[in-house]
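Participant: quick one, structure for this:
(3 chains)
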Amino acid sequence: MPELPEVETVARQLEPLLSGRRLRRARLLDRRLGTPPVASLVGHQVERVFRLGKQVAFELSRRGRPRFMAVHLRMTGRLIWQDGRRRSPPDHKHLRARFDLDGGRLLFFDPRRFGTIAVVDTPEEIAPCGVDPLSAELTPGALAGLLRGSRQAIKAWLLRQDRLVGLGNIYACEILFRAGVAPDRAAGRLRRTDVERLHRALRDVLTRAIESCGTTFSDFQDARGVSGSYQRYLGVYAREGEPCPACGRPVRRIVQQQRSTFYCPGCQR
DNA sequence: GGGTACCTGAAA
DNA sequence: TTTCAGGTACCC
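Facilitator: Residues are numbered from 1 along each chain as shown, chains lettered A, B, ... in the order given. This is a model prediction of the structure:
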């Protein structure tokens, strides 16, 4: 569940569940995670949970000194809060890290093992360098400035985390569809009206997706896990051959950077 | 910039 | 058996 809306959803759900609880034990269960000093956070209290780019960030503190843990879900990571009274699930398959807090535990599952965990002293050390598409900073003019001079295809450009943070394959496709911009257009060649439509589409699609708690394909549900409903609104993603919801022409799939791009050749120019 | 690699599981 | 997957680090 790993693009901006899904990460935002996870952070919002965890925030009230974890805030104020003290960390009692922290265990990494997969060598691939390396050796972030999670044990040094034991005894700290969770102050807040928030999204930073595509990462779920935890601010913890002890005696007024803040520290931060950042979890990147990558492709298949999931963070699940489990109430203290409930027993651990019998199926601990893919459990990669476990954090015991007062009254419950935070479990990190990750089948593909691409996820990462970092422990740092300041949020700047976590922060990816791009602009958050939902921040007030990203005006249409600012977006035009970022795009200027780029010869990259706009679809590939939207995936660059050093320009905008948080977009992935699903939302890059959906945003271009909403904006009516063809995915192979050169990013720096978009006209002013294209940039304005792109800016609006960024806001509209992401805001709506967050309201829907993100997109979920595999439809498992868990007590406190996340299952979104934005897939209901997807216009083109994973809809190759189906009629475009706007014009009825079949949705087309192409490959850019070894990844699928879905678009409507009628609506996107 | 674009290709390749990193992992595992589900679906074709 | 092969292909595909919501991500990104690292190679030329």
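Participant: tell me the residues of the stretch 101-250 of chain A that contact DNA strand C?
Facilitator: A:112, A:114, A:128, A:159, A:161, A:167-170, A:214-218, A:228 (C-beta under 7 Å from any atom of the strand). The C-beta positions use only the backbone N, C-alpha and C, and glycine is treated the same way.
Participant: what's the end-to-end length of stretch A:67-78?
Facilitator: Length of stretch A:67-78, first residue to last, C-alpha to C-alpha, to the nearest Å: 22 Å.
Participant: state the mean pLDDT of that stretch.
Facilitator: Mean pLDDT, stretch A:67-78: 96.
Participant: ok, stretch A:236-254 next?
Facilitator: Mean pLDDT, stretch A:236-254: 96.
Participant: do the same with stretch A:25-37
Facilitator: Rounded mean pLDDT across stretch A:25-37 is 97.
Participant: what are the buried residues along that stretch?
Facilitator: Of the residues in stretch A:25-37, those buried by neighbour count under the rule 16 or more other C-beta atoms under 10 Å are A:26, A:28, A:33, A:36.
Participant: ok, of these, which one's closest to DNA strand B?
Facilitator: Ranked by distance to DNA strand B (C-beta to the nearest atom of the strand), the buried residues of stretch A:25-37 are led by A:Leu33 at 11.4 Å.
Participant: how about that closest one, phi and psi?
Facilitator: Main-chain dihedrals, A:Leu33, degrees, to the nearest 10: phi -70, psi -10.
Participant: count of neighbours near the closest residue to DNA strand B within the stretch 101-250 of chain A?
Facilitator: Residue of the stretch 101-250 of chain A nearest DNA strand B, by C-beta to the nearest atom of the strand: A:Arg112 (3.4 Å). Residues within reach of A:Arg112, counting by other C-beta atoms under 10 Å, total 10.
Participant: beta partners for A:Gln82?
Facilitator: Beta-bridge partners of A:Gln82, counted by DSSP bridges, are A:Arg105.
Participant: confidence score at it?
Facilitator: So, for A:Gln82, pLDDT stands at 92.
Participant: could you double-check that it lies in contact with A:Leu101?
Facilitator: No: at 10.2 Å, A:Gln82 does not count as touching A:Leu101 under the criterion of C-beta atoms under 8 Å.
Participant: hmm, back to that, make a PyMOL selection of the buried ones in the residues of the stretch 101-250 of chain A next to DNA strand C.
Facilitator: Typed into PyMOL, the line below selects the buried ones among these, using 16+ other C-beta under 10 Å:
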select buried, chain A and resi 128+159+167+168+169+170+214+215+216+228
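Participant: which members of the residues of the stretch 101-250 of chain A next to DNA strand C occur in helices, if any?
Facilitator: A:159, A:169-170 (DSSP state H).
Participant: can you lay out those as CSV showing pLDDT?
Facilitator: Below are these laid out as CSV (pLDDT from 0 to 100):
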residue, pLDDT
A:Leu159, 97
A:Asn169, 97
A:Ile170, 97
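Participant: list the helices and strands the lowest-mean-pLDDT helix or strand in chain A packs on?
Facilitator: The weakest-scoring helix or strand in chain A, judged by mean pLDDT, DSSP states H and E, is strand A:78-83 (a mean of 93). Applying 3 or more C-beta pairs under 8 Å, 6 or more residues apart in numbering; DSSP states H and E, one finds that strand A:78-83 contacts helix A:4-18, strand A:104-109.
Participant: what sits up against the helix or strand just after the shortest one?
Facilitator: Read it as strand A:104-109. Proceeding C-terminally, strand A:104-109 gives way to strand A:116-120 as the next helix or strand, assigned by DSSP states H and E. Outside strand A:116-120, the residues that touch it by C-beta atoms under 8 Å, 6 or more residues apart in numbering are A:28, A:33-34, A:36-38, A:40-41, A:67-72, A:74, A:97, A:108, A:125-126.
Participant: could you do stretch A:260-269 as well?
Facilitator: Stretch A:260-269 is contacted by residues A:155, A:169, A:172-173, A:176-177, A:180-183, A:235-240, A:244, A:246-249, A:251-255 when judged by C-beta under 8 Å, 6+ apart.
Participant: quick one: residues contacting the residue of the stretch 101-250 of chain A closest to DNA strand B.
Facilitator: A:Arg112 neighbours (C-beta under 8 Å, 6+ apart): A:74-76.
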